[in-house]
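K.L.:
the following comprises the amino acid sequence and a computationally predicted model.
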Amino acid sequence: MYNFEAARKRSELLMNIRKYFIGKDYLEVSTPTLSPYLIPEPTIKAFGTRFINEFAVSRDLYLIPSPEIFMKKLLAAGSGSIFQISQCFRNAEQLGDVHNPEFTMLEYYTVGADDEDSIGITIDMIEKTKLHGVSPSWLENKPLVITMHEAMMKYAGVDMDKAEDIGYLRSEAIRLGLNPGENEEWDDTFNRIFLTYTEPALPKDREVYLTQYPDKIKCLAKDDGTKPVKRRWEMYIGGIEIANCYDEETDKAKTEKYFREEEEKLIRERTGTEDIIVPADPSFPGLPIPDSSGVAIGLDRLLAVHLGLNSIEPLLLFSLSDMLLQ
C-alpha cells in the first residue's frame, strides 16, 4: 500500500531544505552515483556492477555509499559551500526499522566553518525546514551538546581519559557484563560498550549532538590537537542516529596515511567469497581541500522523526524488504 501522504511530506521537506541552503548561498550540486573508486571504509560494504562497452575498456563500478568522494573534489576545485540531496547505497546491512540499502542523504559542506559551526547550522536548518502542520515534541526542547567523554562517564561509568589503555577499556567491558575477545581491537571494545550502554541512554526528547569522538576511531576528521579526540560529532533524535559531521581533514600526508592504513585493513578483513574490495581513489589524498566542515544527514530517518515514527518503512514507496518478498 503506497503512502502518498508521506510522499507529500517528503517532497515538502526536500523543497524546504533546498530553499534553506540556496538562501544561504550554497551551491546545489549533482554528482555521480557510480564510481570506479571509493574512499576506503572497512565498516561499509559496497554494491558492485560492471561497465561493458565493446569500444572501450570494460571495468568494475560501484554504487556510492555517500557523495563525499565527488563533493570534496568540487571543494578542492573552488566550488565554495555546496549541498546535495542524493541516493546512496550500502550493502550487507540489516533490513529493518532504520535501515534500507538504498537511502536518501543530504550532504552539505560549509567552507570556512568547523564542526562547532556546523552544530549551529544544523540546528537552524532543522528548525527552519520543519513541516507544515507537524509539531514533534523534540523540536520544542533545547538541543543537547555533550562530549563523548561526558556521555561515556554518565551512562557507562567509563573514564575516557583512562580508556586510551586497552587493558582498562577491556576491564571496563567485563565489569559491564560484556565479553570482549582477548585479541579484540580497541575500537571494537569501545563500540561494544558504547552501543550497549551509552547510545541507548542518550536523551530521546531533543536533538543530541555527541561530540569529540576518540581519535582511535579512524576517519577523515581533523585531530583536536589538545586531546586524543577527533573534531567530529553525531546527532541523534529519538534514539535514532540522524547525522554525522567532520571538521574535514586538510593535511595531505594524514589523508594519504589514512588511505594506506584503511586499504590494508580492508584487504585484511575482506576474506569472504562475496566480499568486494573496492579500489581507493588514487587522486583523493592529494586534493587541496579548503578548511571546511561537512555534514551528512539521513533524510529518511529525519522525515521519520518529524512524523513521530520509529521506522522508515512507511516512508518508502518501494522498500527493498517488500520487493524481496514479492
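P.N.:
Ah, there it is. Everything numeric in this text was worked out from a predicted model, so none of it was measured.
K.L.:
could you give the number of residues near residue 111?
P.N.:
17 (other CB atoms under 10 Å). (Glycine included, C-beta is placed from N, CA and C.)
K.L.:
so what's the backbone phi/psi at it?
P.N.:
Dihedral angles phi and psi of residue 111 (degrees, to the nearest 10) take the values phi -70, psi 140.
K.L.:
identify the bridge partners of it.
P.N.:
residue 292 (DSSP bridges).
K.L.:
please enumerate the helices of the stretch 51-200 of the chain.
P.N.:
68-76, 115-128, 148-156, 166-175, 186-193, 199-201 (DSSP state H, counting those that start in this stretch).
K.L.:
check which residues of the fourth one are buried.
P.N.:
Meaning helix 166-175. For helix 166-175, burial by neighbour count (16 or more other CB atoms under 10 Å) applies to 169-170, 172-173.
K.L.:
the longest one now?
P.N.:
Buried residues in helix 115-128, counting neighbours by 16+ other CB under 10 Å, are found at 115, 118-119, 121-123, 125-126.
K.L.:
now, the most widely separated pair of the residues you listed?
P.N.:
In the buried residues of helix 115-128, two members sit farther apart than any others by CB to CB. They are 115 and 126, at 16.5 Å.
K.L.:
residue contacts, the closest residue in space to residue 179 that isn't next to it in sequence?
P.N.:
Nearest non-adjacent residue to residue 179, counting by CB to CB, 6 or more residues apart in numbering: residue 173, 7.7 Å away. Listed by CB atoms under 8 Å, 6 or more residues apart in numbering, the contact set of residue 173 reads 179-180, 189, 192-193.
K.L.:
could I get the contacting residues of residue 184?
P.N.:
Residues near residue 184 by CB under 8 Å, 6+ apart: 170, 192.
K.L.:
tell me the one of the buried residues of helix 166-175 nearest residue 8?
P.N.:
Comparing the buried residues of helix 166-175 against residue 8 with CB to CB places residue 173 closest, at 46.5 Å.
K.L.:
my read: residue 166 touches residue 190, true?
P.N.:
No: Residue 166 is not in contact with residue 190 according to CB atoms under 8 Å; the separation is 9.5 Å.
K.L.:
residue ranges in the stretch 51-200 of the chain under the pLDDT threshold?
P.N.:
Counting by pLDDT under 70, the stretch 51-200 of the chain contains no low-confidence range.
K.L.:
give me the residue at the spatial middle of the protein.
P.N.:
Taking CA atoms, centre = their mean, the centroid of the chain lies closest to residue 244, which sits 4.7 Å from it.
K.L.:
number of residues surrounding the closest residue to that one other than its chain neighbours?
P.N.:
The shortest distance from residue 244 to any non-neighbouring residue, by CB to CB, 6+ apart, is to residue 234 (4.7 Å). Per other CB under 10 Å, the neighbour tally for residue 234 reads 17.
K.L.:
output the contacting helices and strands for the host helix or strand of residue 234.
P.N.:
Per DSSP states H and E, residue 234 falls inside strand 229-237. Packed against strand 229-237 by the contact rule (3 or more CB pairs under 8 Å, 6 or more residues apart in numbering; DSSP states H and E) you find helix 115-128, strand 208-214, strand 240-247.
K.L.:
let's see that with 10 Å instead.
P.N.:
In terms of contacts (3 or more CB pairs under 10 Å, 6 or more residues apart in numbering; DSSP states H and E), strand 229-237 is packed against helix 115-128, strand 144-147, helix 148-156, strand 208-214, strand 240-247, strand 292-298, helix 299-306.
K.L.:
tell me the pLDDT of residue 326.
P.N.:
In this model, residue 326 is scored at 65, pLDDT.
K.L.:
returning to what we had before: ok, the buried residues of helix 166-175 vs residue 250, which is closest?
P.N.:
Distance to residue 250 across the buried residues of helix 166-175 (CB to CB) is lowest for residue 169, with 30.2 Å.
K.L.:
so the closest one touches residue 161, yeah?
P.N.:
No: applying CB atoms under 10 Å, one finds residue 169 not in contact with residue 161, separated by 11.7 Å.
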